[in-house]
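1. Turn this into a model:
(2 chains)
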Amino acid sequence: MKTTKKTSYKHFLIAYAVPIMFITLSIFTIPLSGFSPEYLIQEMIIRLARNSFLVLALLIPIIAGMGLNFGMVLGAMAGQIGLILITDWNIVGIPGMVLAMIISIPLSTFLGWIAGHILNRAKGREMVTSYILGFFVNGIYQFIVLYMMGKAIPIGNPALVLSRGYGIRNAINLEGIRQTLDNLILLKIGKVQIPVATFILISAFCLFIIWFRKTKLGQDMRAVGQDMEVAEAAGIPVNRTRIISMIISTVLAGFGQIIFLQNIGTLNTYNSHDQTGMYSIAALLIGGATVSHATIPNIFLGVVLFHLMFVTSPMAGKNLIGSAMLGEYFRLFISYGIIAISLVLYAWRRQKEKERARMDLRGNT
Amino acid sequence: MSWIQSFVKQAGLPRVIIGLFLLSLFVAAPFVGVSVTSSINDVLVRFGMNAVMVLAMVPMVQSGCGLNFGLPLGIIAGLLGATLSLELGVVGILGFFVAVGISIPFSIVFGYFYGQLLNRVKGDEMVIATYVGFSSVAFMNILWLVLPYRNPTMVWGFSGEGLRTTISVEGYWLSALNDFLSFQLGTHIKVPTGMFLFFAFLCFLIWAFFHTKTGTAMTAVGSNPEFARASGVNVDRSRTQSVILSTVLGGIGILVYEQSFGFIQLYNGPFYMAFPAVASILLGGASVHKATLLNVIIGTILFQGIVTMTPSVINSMIQTDMSEVIRIIATNGMILYALTRKSVVKS
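-> So this is what the prediction gives:
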């Protein structure tokens, strides 16, 4: 009896190790940073609105057993191409955003389809492959945006084009759509502003995912995620299901990037998408998700905890040691470190389970 | 015709295509105003600079730990060696070897823990290695800022503490290896003999190591861990040894690179250094499961040839600088190709 209680306690600690670590960290960094509670709450609400959708895009491949989709940057790039085009055509406000999303859909679908095919050829190595794929497509994106736009793809607005006559500038001002979605319905409670419309959109897609999990396709994905061979034997088209999950993820990532950038208001043509994948994945893992299991609460908890650390650590570093750069490096270290630790914990746990299963088989419990 | 077929089969179609592409670039070069001899010189120097880091892939691939995306860990050990040797102020070829000597113990310690970690995550080594590499680089960012280095050529002049992002090794051991026994070939080609000799020496050591009992055990672990265990090989220990070896080579690799390049790049410098090395060995015909010294040599020549020649020839052809984009596409395209190849060796 005593041992089972002890193991369940241990189990809880292991399962929630990462969120617990972050809550502990925040307990230290929040007072050290010296930020007021209102400021922090406002920041968290902004960041929830800004980032949740991107993290949402990661869920479906996890259900399909493809791990963390490091290739979500593909969708982010598709979204950015949509934004560049609508800025060029000078379509502003909500119609502009919607149009950017519409432009991103065929691009994302195509990229997701390719990604799905590639990952089907790299079963068991999906994560590292999708990661490299992100870099590879980044090269192609740079080729298109830096060399083709303004030459092969007409760009009318001279403010977008580099002085040499082609290629898009490093930073694009998204004045036309800046915070249009956030300000559509703005609720003020005290000093804190809540972008209701963005949250409505996010909840709509949460509902979509909940509904999707219950459809035939969603169930198929779960089956594929659990065991590909069994799923295949049960007549589920495994490869097709995996491709569809990648397409959905990529399209959602494209939308997510558009929502993210309408809040930021400036598009760093060659850098904005770089960090998207890493920050979203770090946030999801900090929320307690693993490579094989993620829920919607993980997303929101993760975004809040990750960004709490993100906002407070530079100031905490500055107040503690007198160097803001240190805090900057610290949060970079945490972002990468947390992905590393979560991946290690997951792989380690899986190996332990395998060993335990083998022991059980030997009848030696 | 049959010898062509057998040659293509033996060398692998991608290598033949890339080799021919490289050859055509050399043929096209004079017509667009690019000097062939200075290009050859560039390729030779870049080969020497990068070859040891590519060699660092071999032990881990051989022991079944996959491609060493955690190369930045070894690079960090090398950087510690480099900065400490500058701090001590040893110059010339001795300074270089002092740097190597200091880097090795660091590499062994890092490699040991890294190996222990990888033993617990079998099957997921590559993605974890990538992130171990990244997080160690990010962690070292903090340390570079706070470690008490004093040499004024290395620390920020303004505050007197914290290392600079790039540190020149001029006056210490710039070209220490390159200039050793180097000789001029024509007007443009200067052969960096010392660097090649050093690389050849390391290759010999690795070759000899894989013929010892420990080395053979390592290869056995890589090709079939169950079988290796059944025949009494300690699988985990073999894997750890291979990781240590890879890390040590990574540390030496970056030092060879720096003495030729002339600068120590700290902070985010080592972030993406694993990728060209990984791409090179794959280009040389290695797979995720098997790598030979020949793969290292051929791969480095081809990869460095492509990244040297493509930009210069294409730039002169269309008057645009596309080198960065070409490098990104070539590097990652190659890795992607290798990862998606249906693996023949399956345990």
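
2. How about the residues of the stretch 1-150 of chain A by chain B?
-> A:118, A:121-122, A:124-125, A:127-129, A:131-133, A:135-136, A:138-140, A:142-143, A:146-147 (C-beta under 8 Å from any C-beta of the partner chain). Any C-beta I mention is one placed from the backbone N, CA and C, and that applies to glycine too.

3. could you pull out the helices for the stretch 1-150 of chain B?
-> B:2-11, B:13-28, B:36-55, B:58-62, B:71-88, B:92-119, B:125-146 (DSSP state H, counting those that start in this stretch).

4. List just the one of these that sits closest to chain A.
-> helix B:125-146 (3.7 Å; C-beta to the nearest C-beta).

5. burial measure for residue 312, as a count.
-> Here I'm looking at chain A. 24 (other C-beta atoms under 10 Å in any protein chain shown).

6. Actually, chain B is the one I wanted.
-> B:Ser312, neighbours per other C-beta under 10 Å, totals 19.

7. I'd like the distance between it and B:Phe210.
-> Using C-beta to C-beta, to the nearest Å, one obtains 37 Å as the distance from B:Ser312 to B:Phe210.

8. And B:Arg239, by the same measure?
-> 15 Å.

9. hang on, the earlier thing: looking at the residues of the stretch 1-150 of chain A next to chain B, which are in helices?
-> A:118, A:127-129, A:131-133, A:135-136, A:138-140, A:142-143 (DSSP state H).

10. between B:Arg239 and B:Phe210, who's got more neighbours?
-> Relative neighbour count places B:Arg239 above the other of B:Arg239 and B:Phe210, with 25 against 17, counting by other C-beta under 10 Å.

11. Of the helices of the stretch 1-150 of chain B, which stretch is the most buried?
-> helix B:58-62 (a mean of 28; mean count of other C-beta atoms under 10 Å in any protein chain shown).

12. Off-centre distance for it?
-> Relative to its chain's centre, helix B:58-62 lies at 13 Å (C-alpha atoms, centre = their mean, to the nearest Å).

13. Stretch B:191-206: which residues count as buried?
-> B:Val191, B:Pro192, B:Thr193, B:Gly194, B:Met195, B:Phe196, B:Phe198, B:Phe199, B:Leu202, B:Cys203, B:Ile206 (16 or more other C-beta atoms under 10 Å in any protein chain shown).

14. Any part of the host helix or strand of B:Ile264 near chain A?
-> Following DSSP states H and E, one finds B:Ile264 within strand B:263-265. No. Strand B:263-265 is not in contact with chain A by C-beta under 8 Å from any C-beta; minimum separation 15.9 Å.

15. What helices and strands are in contact with that strand?
-> helix B:71-88, strand B:166-168 (3 or more C-beta pairs under 8 Å, 6 or more residues apart in numbering or on different chains; DSSP states H and E).

16. among the helices of the stretch 1-150 of chain B, which is nearest A:Ile102?
-> helix B:125-146 (33.9 Å; C-beta to C-beta).

17. Run the contact check for the closest one versus chain A.
-> Yes. Interface with chain A: helix B:125-146 contributes B:126-128, B:130-132, B:134-135, B:137-139, B:141-142, B:145-146 (C-beta under 8 Å from any C-beta).

18. Quick one: mean pLDDT over the one helix or strand A:Leu40 maps to.
-> Using DSSP H and E, A:Leu40 sits within helix A:37-56. Mean per-residue pLDDT for helix A:37-56: 90.

19. so what's the spatially closest residue to A:His307 that is not a sequence neighbour up against?
-> With C-beta to C-beta, 6 or more residues apart in numbering or on different chains as the criterion, A:His307 has its nearest non-adjacent residue at 4.2 Å, and that residue is A:Arg47. Each residue near A:Arg47 by C-beta atoms under 8 Å, 6 or more residues apart in numbering or on different chains is listed here: A:Val303, A:Val304, A:His307, A:Phe310, A:Val311.

20. in the helix or strand hosting the last one, what counts as buried?
-> If you go by DSSP H and E, A:Val311 is part of helix A:296-321. Buried residues in helix A:296-321, defined by neighbour count with 16+ other C-beta under 10 Å: A:296, A:298-318.

21. again with stretch B:151-160
-> B:Met154, B:Val155.

22. How about the residues of chain B by chain A?
-> Close to chain A, as judged by C-beta under 8 Å from any C-beta, chain B has residues B:69, B:117, B:120-124, B:126-128, B:130-132, B:134-135, B:137-139, B:141-142, B:145-146, B:275, B:288, B:320, B:322, B:324-325, B:328-329, B:331-333, B:335-336, B:339-342.

23. before we move on, the earlier item: out of the helices of the stretch 1-150 of chain B, which comes closest to B:Thr165?
-> helix B:125-146 (8.8 Å).
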